[in-house]
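Engineer: what's the 3D shape of this:
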Amino acid sequence: MDQNAKKQREQKEYQEYVKAVTPVHNLWMNMTKAFVTGGVICMIGQGILNYCKVAGLDKEISASWCAVILVFLSALLTGLNIYPRIAKWGGAGALVPITGFANSVAAPAIEYKKEGQVMGIGCKIFTIAGPVILYGTVISWALGLVWWIGSFL
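Structural biologist: A predicted model of the protein is given here:
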């Protein structure tokens with residue numbers, strides 16, 4: 001009996017500890033922050049597109065410039081340790097767009113630069129991007145093959 005009571009008391013203490021250290025999240029606030037963060041990133045992208053249009057660039061070139069500038073800004077802000085703070089505040093709103101992918105490529109390279117150019121940056125830069133690049137390359141090759149075979153039919 002004594003052993004059983006001790007076990008129940010320990011379990012109750014553990015449950016209280018877990019409850020005390022588990023962060024409480026406000027779902028509506030998190031969704032609002034993600035919406036605002038993603039919206040601001042998209043507004044910046046739309047601003048870049050509008051500027052390119054005013055500059056006389058066509059739609060495809062404008063889209064390319066928009067992507068390049070957003071990726072550059074994301075990598076730069078990651079290097080300055082600003083983008084992680086934006087992502088922490090905005091959650092999925094900062095991690096879903098193209099800027100989140102650029103952040104996920106740049107962050108491991110920055111984190112492991114102390115291990116050297118090859119074993120640090122060279123190896124770790126593809127931790128997240130590697131599977132995405134591989135999947136994109138294989139799927140695009142497979143779809144191209146299907147399209148090529150379909151062109152003979």
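Engineer: what residue ranges in this structure score low on pLDDT?
Structural biologist: For the chain, residues meeting the criterion pLDDT under 70 lie at 1, 110-134.
Engineer: rerun that using 90 as the cut-off
Structural biologist: By pLDDT under 90, the weakly predicted segments of the chain are 1-27, 71, 74-75, 78-79, 81, 83-84, 87, 91-140, 152-153.
Engineer: quick one, strands of this protein?
Structural biologist: In the chain, no strands are found when defined by DSSP state E.
Engineer: okay, helices next: where are they in it?
Structural biologist: Using DSSP state H, the helices of the chain run over 2-21, 27-54, 59-79, 83-90, 92-95, 98-111, 123-124, 126-152.
Engineer: now do the fourth one and helix 27-54, the angle between them.
Structural biologist: This points to helix 83-90. Using axes from the mean of the first three to the mean of the last three C-alpha atoms, to 10 degrees, the inter-axis angle of helix 83-90 relative to helix 27-54 is 130 degrees.
Engineer: export helix 83-90 as CSV, just CAs?
Structural biologist: Written as CSV, here are the backbone C-alpha positions of helix 83-90 (Å, rounded to 0.1, in the frame of the first residue of the first chain):
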residue,chain,number,x,y,z
TYR,A,83,14.5,36.3,-39.7
PRO,A,84,14.5,33.7,-36.9
ARG,A,85,12.9,36.3,-34.6
ILE,A,86,10.3,37.1,-37.3
ALA,A,87,9.6,33.3,-37.7
LYS,A,88,9.3,32.9,-33.9
TRP,A,89,6.7,35.6,-33.8
GLY,A,90,4.9,34.9,-37.0
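Engineer: ok, and for it, which residues are buried?
Structural biologist: 83, 86-87, 90 (16 or more other C-beta atoms under 10 Å). Where C-beta positions appear, they are placed from N, C-alpha and C, glycine not excepted.
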